[in-house]
Each structure stands twice: as C-alpha cells, then as structure tokens.
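Participant: this one's sequence-less:
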C-alpha cells in the first residue's frame, strides 16, 4: 500500500529536504536519486574565462559608471576632453610628466593641470590645495577640516621633488590614463596609439606586457617615502568625503574673503578629492533610476530582458 | 555552496568582481548544462549553454535581483535558446527515447545501487522514460533548484499545471523505482536501459 502523495511530501522530495531514511519505503530510493541529482559546483569549464570576462565587462556597477559619464553635461564633457588633451600634450614634453606628477612645475601650470586632470579622475599635486582647503573650511565650517588636511598633503607632495627621476614612468602612465579616459568618454575623438608614448611602449614591451598592465603596477612616487608621515598619504581614497547635507551651523557676520576666491576653489577641490565618491554614489543613483521602469527585479522583468534575441 | 555565499558572490559580481563572477558561474554552470542536455541533443548542449551565458552577460547590466532571480533568469534564457535551436533546424522536440545500447558509464537501473552515483547518472534515472514536459519540470525543480512559480514562468505554464506535471512524474518514478532500486518491469513501458536520451 503506497502513501498518499500530498503536495507537502512532493515539495520535500523535490527540494531534497526529504531524507531517504525518513521517506516512505516506496519513495526511499527516489529520494536518494533526487539528492544525488543536484550537481556540485565545478571549475575548469573551457568557457569560464570568456563568460566571466563578458559578465564583468557588462556588470551593473561598471555599466552604471559609464552611464553616469554619458549623462554629464556636454560642457563638462568637452572641458574634460580639452583638459585631458592639454594635459597630455604638456606632460609629453620632456620630463613634464614627472614634473607634474611630483608637483615641480611652476605653480600656475601645476594648478591648471591639477584642476584639468581632476575632471577625468587623475590626481596630481596642486600647490594651491592648502589654501583651497582653508577657504573650503571657512565655507563649510568644521566639516571642511578634512579638505584642509587634504590640501596639506598635496602641499607636502608638491614639495617633494627628490623622486622626479623615478616618477617619470608614473607621470607617463598618468598622461596615458588621462588620454585613454578622455577617448573613452568621447568615442568620436581620434584615438591615440602607443607611438604617442614611446617610453611607455618600450617599457611595456621590455616587460612583455601591455601599457595598461604596466601602468597598473606603477605606484605613485610618494608612496613608500619615509621622509614625512603626511606625504605618504595618497591624496585620494582616504580623505573624508565632501559634505553633501546641509551645514550644521550658519556662519554669522561678514565673509572673511571675497566670494569669487572661495567659489573658484570649491569645484576644483571637490572634484579633485572626492571624484571617486561622487562617481560611485551617482552610479548607484543612476542605475537604480534606470531600473525603476522595469520593476523591482522580479523574474518577469528580467525574463523579458533576458531573451537575448 | 551555501545560498548566502552565492548571494554575496552575485552582488560582488554586479560590481565587477571577476572572482565572484567565477563563483557564480561554477555554481550554476553544471545545472545549466544538465538542463540543456535533457532538452536538446547531447552534442549541442555545450554550445547552447555557452550561448546562454554570453547572452546573459550582454544583459547583465540591466539585471536586478538576487540569486533566485538570477537562476530563473539564466534558465529562462537557456529555455529559449533550446527553442531557437529547434526552430533553426526546422525540427520539433521529440519525446525522450532511450538508447537501445546501454551506456556503460551509466549503470542499469536494475543494478539496484544508488548510493555513490554521479549527478549525471541520477538525472538520467530521474528523467528516463518521462514525457518531455514532466522531465523538464523535474530538472527545473531538482537540478536548477527553482520553485513552482519560477518553473511555470520558464515553461510558460500555470503553477497549477506545473504541480500536476511534477505529481505525475513522481507517481511514475515511484512505480518504476521500487524501494530497493529494482525496476518494476510491469510499469508503463519503461526501458531497462539507463542510457542517454535525446538521440534526435
């Protein structure tokens, strides 16, 4: 006499939750087969590498960043390309890369380059950063102290010219990265070739690797320095983020400096120090917004887009 | 792998972590391959699964949801790839037909030994002799670890129809596999062979 097959028993059987020892005798063997039918994770598939690469290239996080860049204002986009082109041209002139990377260019040029490259996420020292930090602190009250210290870091980095020789490769990589990013943001612009970066191309060829791989291993010249404790802190990544909420207190009395001076520093300092933070936050927002029209991740919404046809 | 780990891996993969994506791939690829092997010619299964993964990769940027959603999504793509495969060839899926010559790698059901069988062998025993829709439901429920609703979405049927199909499949398997693993030869036309199906 067989047991009645109710839906609960079937669900336990199919989900593997029904242990063969607990199963009715006529289902004991089937329960074993069901439990054995669940495949285990395996590696070594010939298509694994290509599949993983394709997924990573199209990952929502990566794609979201691209979407954010695409939605920047056109003026910002053009300015980014212009700044990157100007910076790349200057950096390619005899040792300019190393000089800029270590902050040893004339203050006006160094400041302009720092501001221009900050638009494309490249960080080089800004001799005015310390003053900008102070002005920023004055604008935002106590929360601006972090930016002030950031400026101090830049100042100390700019003062360190002793590593200019070893920083040549780093400067070249910085320029190459800037141009690459600018071209990625502006597909209609003419591309660059390895011939534009002969030193990088030669170094990469000597190491039997691509320029991208080579630059990924080149560290900032100031890293590893033991001369001062402040100069070992990279200018990006560890600083406090730019305050986005309302100020906790309202300054009273007349401003201590002209609005034009403080205002001109604010965008530079903000973009330069916190571009990564803003980028990721914006990415999340953009991605979420773009999905809002497709539902909340239900199977049906993904199914509709997943036909792949 | 624990489901919670796979959930974390998927979320990391969404941010571009290739190692995490490899974890997701290794976890789901075997089940996906088994599913396609049950529904499509064995020789074409590898290519169809590769096409499925790459098609999913193209849409990964617009995917949202957790591991359960991802499972349903990837198996839906595989389901449609198989349909495309038959459509391209101008053929229609045929009921599972067992080989006359048993595959020596797959022990005969009547051997009565279940413990120690591979996943391939177990799946063969599950779907051997079942009509295609019942076999597909069992694979989606057991191998792909999907729920009734998800299987219904993938197969384009109602949840009630899925429950009926799985109930009939279990009844059929219960009658064909006795408690000690011996084949019930008085069953409804099941073969003694555990060989490959889908020789279309």
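Facilitator: Thanks, I have it. Small disclaimer: the values here were computed from a predicted structure and weren't measured.
Participant: wait, isn't residue B:26 in contact with residue A:42?
Facilitator: Yes - using Cβ atoms under 8 Å, residue B:26 is in contact with residue A:42, at 6.1 Å. Glycine gets a C-beta too; all of them are placed from N, C-alpha and C.
Participant: out of the two, which sits in the more crowded spot?
Facilitator: residue B:26 (19 against 13; other Cβ atoms under 10 Å in any protein chain shown).
Participant: how near is residue A:9 to chain B?
Facilitator: In this view, residue A:9 and chain B are 9 Å apart by Cβ to the nearest Cβ, to the nearest Å.
Participant: Show the model's pLDDT score for residue 167.
Facilitator: Because you didn't say which chain, this covers chain A. Model confidence at residue A:167, expressed as pLDDT, equals 58.
Participant: The intended chain is chain B.
Facilitator: pLDDT, read off for residue B:167, is 94.
Participant: And for it, the neighbour number?
Facilitator: Neighbour number of residue B:167 under other Cβ under 10 Å is 16.
Participant: Would you mark the buried spots in the helix or strand harbouring it?
Facilitator: Using DSSP states H and E, the element containing residue B:167 is helix B:159-176. Neighbour counts over helix B:159-176 (16 or more other Cβ atoms under 10 Å in any protein chain shown) mark B:161, B:162, B:163, B:165, B:166, B:167, B:169, B:170, B:172, B:173, B:174, B:176 as buried.
Participant: by contact count, what packs against that helix?
Facilitator: Under the contact definition 3 or more Cβ pairs under 8 Å, 6 or more residues apart in numbering or on different chains; DSSP states H and E, helix B:159-176 sits against helix A:7-15, helix A:25-36, helix B:132-138, helix B:148-155.
Participant: List the residues that contact the residue nearest to the spatial centre of chain B.
Facilitator: When Cα atoms, centre = their mean is applied to chain B, the residue found nearest the centroid is residue B:35 (2.5 Å). Residue B:35 is in contact with B:75, B:78, B:136, B:139, B:140, B:143, B:144, counting by Cβ atoms under 8 Å, 6 or more residues apart in numbering or on different chains.
Participant: Mind putting those into TSV with neighbour count, secondary structure and distance to chain A?
Facilitator: Converted to TSV, the contacts of residue B:35 look like this (neighbours: other Cβ atoms under 10 Å in any protein chain shown; DSSP: H, G, I helix; E, B strand; the rest coil; distance: Cβ to the nearest Cβ, whole Å):
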residue	neighbour count	secondary structure	distance to chain A
B:75	29	helix	10
B:78	28	helix	10
B:136	24	helix	13
B:139	25	helix	8
B:140	28	helix	10
B:143	25	helix	6
B:144	23	coil	10
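Participant: could those residues go into a markdown table alongside pLDDT and distance to residue A:23?
Facilitator: Shown next, in a markdown table, are these (pLDDT from 0 to 100; distance: Cβ to Cβ, whole Å):
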| residue | pLDDT | distance to residue A:23 |
| --- | --- | --- |
| B:75 | 96 | 27 |
| B:78 | 96 | 30 |
| B:136 | 94 | 24 |
| B:139 | 94 | 20 |
| B:140 | 95 | 22 |
| B:143 | 93 | 19 |
| B:144 | 93 | 22 |
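Participant: could I get the helices and strands packed on helix B:159-176 as TSV with distance to residue B:19?
Facilitator: Shown next, in TSV, are the helices and strands packed on helix B:159-176 (distance: least, Cβ to Cβ, whole Å):
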stretch	distance to residue B:19
helix A:7-15	29
helix A:25-36	29
helix B:132-138	33
helix B:148-155	27
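Participant: can you list the domain ranges for chain B.
Facilitator: What automatic domain parsing lists as the domains of chain B is B:3-89, B:98-200.
Participant: What separation is there between residue A:37 and chain B?
Facilitator: 4 Å.
Participant: For that residue, report the pLDDT, please.
Facilitator: If you check residue A:37, the pLDDT there is 89.
Participant: My guess is it contacts residue B:127. True?
Facilitator: No - in terms of Cβ under 8 Å, residue A:37 does not count as a neighbour of residue B:127; the distance is 9.3 Å.
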